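In: Pasting the sequence and the predicted model now:
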Amino acid sequence: MASQGIKGPPYTLIHGNTKQVANMYKEAMSKPLDLSHAIVPVVLPHVHAWSSIHGKNFLQWQGTRAQLVVTEPELCKELEIFNNKDGAHPKPTSLVPKILLGNGLPLLEGEKWAKSRKLANHAFHGESLKSMIPQMIASAETMLGRWKNHVGQEIEVFQEFRLLTAEVISRTAFGSSYLQGQHIFEMLMKLSPLLVNFDLKLKLPGIRREEKAMSGEEETFGSDFLGLQLKAYHDTNDNQRISIDDIVDECKSFYFAGQETVNTLLSWTVFLLALHNDWQEEARKEVLQLFGKQTPNPNDLSKLKTMSMIINESLRLYSPILYVTRSIERTVRLGKLIVPTGVELIIPFLAIHHDLQFWGQDAHLFKPDRFSEGVAKQLTTTRRHSYHLEWDLGIM
């Protein structure tokens, strides 16, 4: 990599750069924080520092593993490993997702990935999502009902949105409710920091349908995410059939991928609207103009242009996914770079979303109108293409 002009911090025997990264995090978190949206020096301090010193693409070491950190969006979008035309999905290099999610969709590859993706697409296509809206509204109304008991008091919205997203997922995907599986959800919340101490062979609410699944009562499976998984379990075609273990892994994957990311998005969006009352008023005005005091209907949700702009800008400033790590199983070309087998790739979304070169000098400001023409347009004077990479690379 050095012969191609790729530089980076020097390698330290055994540890690589892990101690340096840990010290950078410790130092960054020890400083008082303000309300600035320029969070990359705090959240990804090593990327912020080393990209300034060594260039936008640099090499770092996770122990003995070489990692190429890519912050040039053009190169990210050229990555062949993000192209699933052959049904292959890139492998995360960390063991934590594997332990946590088992063989769920995010970690599958080849034919198993294609089979799982087909089931997920069928469960969450446009018409299916529309049919879920009444359940989403019911969950939101339950949350707002609780809030009425706390008028004039502070509310911990992160915890409230955690309950909301868990309830929505339970209702729409598992035919259950948060309360029916509250203990399991609480255990799941503890898994990430305590992976080594937990047995991850868990079952989510809704797996109570397992007895019916084993008996083959197909008409009772339902048409939600879990129901389609159970039908696949009984498929007479060996190529389409999945196992009970596959079902459990898919449910865990769906919960972790959907619950925490949406919870984080909702929390930061409310935080940003609390800071920027002008946009809060614009969003409220739009909702009242479209729906008045009536319950929103599925057909008109797409008309919420201001709300869409706010959500996109919230995702840009406070991306639920900070970065992804991928292994290279064959030599690939990224622009003029040749990346050999064995080098890992790190795509730090958050750093790219705050890059002044691509988003302009106002990159650290909350400006939803930069998305006034949609995600596909980026309103800066330096670039016209979208560098909202979660969408471009199919991550979000």
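Out: It's in. Numbers count the residues shown, from 1 in each chain.
In: Quick one: mean pLDDT over stretch 129-148.
Out: If you average the pLDDT over stretch 129-148, you get 86.
In: Can you tell me how far Val70 is from Leu334?
Out: Computed as Cβ to Cβ, to the nearest Å, the Val70 to Leu334 distance reads 7 Å. For glycine as for every other residue, the C-beta is placed from the backbone atoms N, C-alpha and C.
In: Likewise for Lys367?
Out: Using Cβ to Cβ, Lys367 is found at 31 Å from Leu334.
In: Equivalent analysis for Met1, please.
Out: Applying Cβ to Cβ to Met1 and Leu334 gives a distance of 11 Å.
In: so where's the stretch 251-396 of the chain shaky on pLDDT?
Out: Judged by pLDDT under 70, the stretch 251-396 of the chain has its weakly predicted residues at 376-396.
In: Over to the stretch 1-150 of the chain?
Out: Within the stretch 1-150 of the chain, the ranges that satisfy pLDDT under 70 run 79-117, 119-126.
In: show me where it has strands.
Out: Ranges of strands in the stretch 1-150 of the chain, per DSSP state E, counting those that start in this stretch, are 57-62, 65-70.
In: Turn those into TSV, including distance to Phe271.
Out: Putting these into TSV (distance: least, Cβ to Cβ, whole Å) gives the following:
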stretch	distance to Phe271
strand 57-62	31
strand 65-70	28
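In: Among these, which comes closest to Met309?
Out: Among the strands of the stretch 1-150 of the chain, the nearest to Met309 by Cβ to Cβ is strand 65-70 (27.9 Å).
In: just the helices in the stretch 151-300 of the chain please.
Out: With DSSP state H, counting those that start in this stretch as the criterion, the stretch 151-300 of the chain has helices at 157-174, 182-191, 210-215, 225-233, 244-275, 277-291.
In: The shortest one - what's its average pLDDT?
Out: If I follow you right, that is helix 210-215. For helix 210-215, mean pLDDT rounds to 48.
In: before we move on, what about the fourth one?
Out: Taken as a whole, helix 225-233 has an average pLDDT of 65.
In: Which parts of this protein belong to which domain?
Out: Domains of the chain are assigned by automatic domain parsing as 1-94+319-396, 102-258.
In: Check the burial of Gln159 by counting its neighbours.
Out: The number of residues packed around Gln159, counting by other Cβ atoms under 10 Å, is 11.
In: swap in Phe358?
Out: 20.
In: Same question for Arg284.
Out: Counted with other Cβ under 10 Å, the neighbours of Arg284 add up to 13.
In: Would you mind measuring from it to Pro368?
Out: From Arg284 over to Pro368 the distance is 14 Å, taken as Cβ to Cβ.
In: How about Thr142, nearest residue that isn't a chain neighbour?
Out: The shortest distance from Thr142 to any non-neighbouring residue, by Cβ to Cβ, 6 or more residues apart in numbering, is to Glu167 (7.0 Å).
In: That neighbour is in contact with Glu141, isn't it?
Out: No. With contacts counted by Cβ atoms under 8 Å, Glu167 stays clear of Glu141, the gap being 10.9 Å.
In: Of these two, give the one with the bigger neighbour count.
Out: A direct count of neighbours by other Cβ under 10 Å for Glu167 and Glu141 places Glu167 higher, at 23 against 10.
In: how far away is the more buried one from Ala49?
Out: 41 Å.
In: same check, this time on Ala28
Out: 10 Å.
In: can I get the strands of the stretch 1-150 of the chain in TSV with mean neighbour count and distance to His150?
Out: Formatted as TSV, the strands of the stretch 1-150 of the chain follow (neighbours: other Cβ atoms under 10 Å; distance: least, Cβ to Cβ, whole Å):
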stretch	mean neighbour count	distance to His150
strand 57-62	20	45
strand 65-70	21	44
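In: Gly5 is nearest to which of the ones you listed?
Out: strand 57-62 (9.0 Å).
In: tell me which strands and helices the closest one is in contact with?
Out: With contacts taken as 3 or more Cβ pairs under 8 Å, 6 or more residues apart in numbering; DSSP states H and E, strand 57-62 sits against helix 18-30, helix 45-54, strand 65-70.
In: what about 7 Å?
Out: In terms of contacts (3 or more Cβ pairs under 7 Å, 6 or more residues apart in numbering; DSSP states H and E), strand 57-62 is packed against helix 45-54, strand 65-70.
In: What lies in contact with it?
Out: Outside strand 57-62, the residues that touch it by Cβ atoms under 7 Å, 6 or more residues apart in numbering are 1, 6-9, 11, 16-18, 50-51, 66-72, 75.
In: which of these are buried?
Out: Using 16 or more other Cβ atoms under 10 Å as the burial test, the contacts of strand 57-62 include 1, 6, 8-9, 16-17, 50-51, 66-72, 75 as buried.
In: Out of the residues you listed, which comes closest to Asn277?
Out: For the buried ones among the contacts of strand 57-62, the nearest to Asn277 is Thr71 (33.5 Å; Cβ to Cβ).
In: List the buried residues of stretch 159-173.
Out: Within stretch 159-173, the residues scored as buried using 16+ other Cβ under 10 Å are 160-173.
In: and if you look at stretch 276-294?
Out: Using 16+ other Cβ under 10 Å as the test for burial, stretch 276-294 gives His276, Trp279, Glu282, Ala283, Glu286, Leu290.
In: could these go into a markdown table alongside distance to Gly374?
Out: Output for the buried residues of stretch 276-294, formatted as a markdown table (distance: Cβ to Cβ, whole Å):
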| residue | distance to Gly374 |
| --- | --- |
| His276 | 21 |
| Trp279 | 17 |
| Glu282 | 17 |
| Ala283 | 17 |
| Glu286 | 16 |
| Leu290 | 18 |
